[in-house]
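In: Below is the sequence, then the predicted model.
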Amino acid sequence: MGIRDDRKAATRGEIQRATLDLLETAGFEATTVARIAEQAGISERTFFRYFDSKESAAMPGQGELVQALLTHPLHPALTSAQVLRELIEVCRKHFAYEVQQYEFLRISRLVLREPGLLQGVARQELQLVSALSGSLVERNILGQMPALLVAELIACTWRVAWQCFAQEEGAGLGCDPAELFEKAVINLGEIVSPAAGAAD
């Protein structure tokens, strides 16, 4: 990364930290973009160069995941099950990266505590499903129904891994987020394998 990229990454990090700090101390409703910008020492205009909402500032990994999924090359001859497996692999890599790069534990605790943030997560998830299924159809990878099913399964697996991590942390249990993601993938495979086998 160059100096400019380093500076952008640093600013993104400062905005995320300011957002999480305010969410923890003031709560979801009282945390506004104006307050986040002030806390981060930037203008609101600068905030919107990096994020489109306080939810995306709190959880920047979600937007990056969508980009990674949308830009992953897929061959049009793949079956729905093969597309799902490839996109799960994209999620696996991104999940591991997100755990290292972002305030994973703080975010998980806030999602459990703040219903408004949980609603924001649900909105982001809907956007992920819409963008990913639309992309799969536009690129002639899958038809409309299988594209939507694959996108929903991706979003569901991601959410379940996050929720299990947050619940285990909330219960005071030590857990490895990447391990929980693998468990979610294994469980998904056990649930859909018979149906996928019949369709392939």
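Out: Looks like it came in fine. Residues are numbered from 1 along each chain as shown.
In: hang on, L128 packs against A151?
Out: Yes - if you go by C-beta atoms under 8 Å, L128 and A151 touch, sitting 7.2 Å apart. The way it works is simple: take the backbone N, C-alpha and C, and place the C-beta from them, glycine included.
In: Between these two, tell me which one has more neighbours.
Out: A151 (26 against 22; other C-beta atoms under 10 Å).
In: ok, and that one, which helix or strand is that part of?
Out: Following DSSP states H and E, one finds A151 within helix 144-170.
In: quick one: average confidence on the helix or strand following that helix?
Out: Scanning forward in sequence from helix 144-170 by DSSP H and E, the next helix or strand is helix 177-199. Average pLDDT, helix 177-199: 76.
In: again with stretch 140-149
Out: The model assigns stretch 140-149 a mean pLDDT of 96.
In: cool, and stretch 65-83?
Out: Stretch 65-83 comes out at a mean pLDDT of 92.
In: Need the distance between the two termini of that stretch.
Out: 16 Å (C-alpha to C-alpha, to the nearest Å).
In: Over to stretch 168-183?
Out: End residues of stretch 168-183 are separated by 14 Å (C-alpha to C-alpha).
In: Name the surrounding residues that touch it.
Out: The contact list for stretch 168-183 (C-beta atoms under 8 Å, 6 or more residues apart in numbering) reads 91-92, 95-96, 99, 104-105, 108-109, 112, 157, 161, 164-165.
In: For R12, state which of these is nearest.
Out: F104 (15.6 Å; C-beta to C-beta).
In: now the closest one, nearest residue through space, not along the chain?
Out: P177 (6.2 Å; C-beta to C-beta, 6 or more residues apart in numbering).
In: circling back: in the helix holding A151, what counts as buried?
Out: Across helix 144-170, burial judged by 16 or more other C-beta atoms under 10 Å covers 146-148, 150-151, 153-155, 157-158, 160-166, 168-169.
In: Tell me how far the residue most central in space within the chain lies from R7.
Out: The centroid of the chain falls nearest to Q62 when counting by C-alpha atoms, centre = their mean (2.9 Å). Q62 sits 23 Å away from R7, taking C-beta to C-beta, to the nearest Å as the criterion.
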